[in-house]
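In: Give me the fold of what follows.
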Amino acid sequence: MRRVLIALPLLALLALAPAAHAGGWATVGLSSTPSGIQPGQPWVVQLTILQHGVTPLEGVKPAVIIRQGNETHTFAAKATSKPGVYRASVVFPTAGKWDYQVDDGFISEYPHTFPPVEIGRALAQAPAPAEEPPSGGGGDSMGWPAIPGIALLFASAALLLVDRRRHHQPQAA
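Out: Residues are numbered from 1 along each chain as shown. Presented below is the predicted three-dimensional model:
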């Protein structure tokens, strides 16, 4: 019975590993933000995509997605000659507040989100870029899928400790 209790969490962890893309995640860095862009003017941006935040990720098909209300536009990024660097030309069709995010092409279910931008603002009124991206902006994509796996690891460790303590307790005569 004790072996079954230990094996169940480990089997569950193995079953969840493919869903978490074997621990895969990526970061996305932008060469610029669309602040100061006017409607119809292309925002040419380079996306630097790094697997695990370190290794340039090649062979993916990233895209920049812009959204205003129910209106959504997707702009595919093309690989450059530099590994892990992709270029997209994004055009905001109208003035106003737009949300934008990047699908890194690696784990598309978790796009990298960035703070909304006001398109059509005069350049002098554009806010200065932040020194650090706000939390959740362009960070890694591991997040929620990792939580069940981490919980199972802790549960497995706890079961192993309980089992060891039972074996090392002196037996009453």
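In: Let me know whether Pro83 touches Val60 as I believe.
Out: No. The criterion here is C-beta atoms under 8 Å, and Pro83 misses it with Val60 at 11.4 Å. All C-beta spots, glycine's among them, are computed from the backbone N, C-alpha and C.
In: on contacts alone, who are the packing partners of whichever strand or helix holds Ile66?
Out: Taking DSSP states H and E as the definition, one finds Ile66 inside strand 63-68. Packing partners of strand 63-68 (3 or more C-beta pairs under 8 Å, 6 or more residues apart in numbering; DSSP states H and E): strand 71-76, strand 85-91, strand 96-103.
In: lowest-confidence helix or strand of the protein?
Out: Using mean pLDDT, DSSP states H and E, helix 2-16 stands out as the lowest-scoring helix or strand of the chain, at a mean of 50.
In: How is the protein divided into domains?
Out: Domain ranges of the chain: 1-24+142-173, 26-140, per automatic domain parsing.
In: so where's the chain uncertain?
Out: Low-confidence segments of the chain (pLDDT under 70): 1-23, 122-173.
In: Can I get stretch 37-55 in CSV, CA atoms only?
Out: The C-alpha coordinates for stretch 37-55 follow below in CSV (Å, rounded to 0.1, in the frame of the first residue of the first chain):
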residue,chain,number,x,y,z
ILE,A,37,3.3,56.0,-33.4
GLN,A,38,0.5,57.5,-35.5
PRO,A,39,-2.4,55.6,-37.0
GLY,A,40,-1.3,54.1,-40.3
GLN,A,41,2.4,54.5,-39.5
PRO,A,42,4.3,51.2,-39.3
TRP,A,43,5.9,50.3,-36.0
VAL,A,44,8.8,48.1,-37.0
VAL,A,45,9.8,46.1,-34.0
GLN,A,46,12.4,43.4,-33.4
LEU,A,47,11.4,40.5,-31.1
THR,A,48,14.1,38.7,-29.2
ILE,A,49,12.8,35.3,-28.2
LEU,A,50,14.9,33.3,-25.7
GLN,A,51,14.1,29.8,-24.5
HIS,A,52,14.3,29.7,-20.7
GLY,A,53,15.3,33.4,-20.9
VAL,A,54,18.8,32.4,-22.2
THR,A,55,19.0,30.5,-25.5
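In: Now do the buried residues in that stretch.
Out: Ile37, Trp43, Val45, Leu47, Thr48, Ile49, Leu50, Gln51 (16 or more other C-beta atoms under 10 Å).
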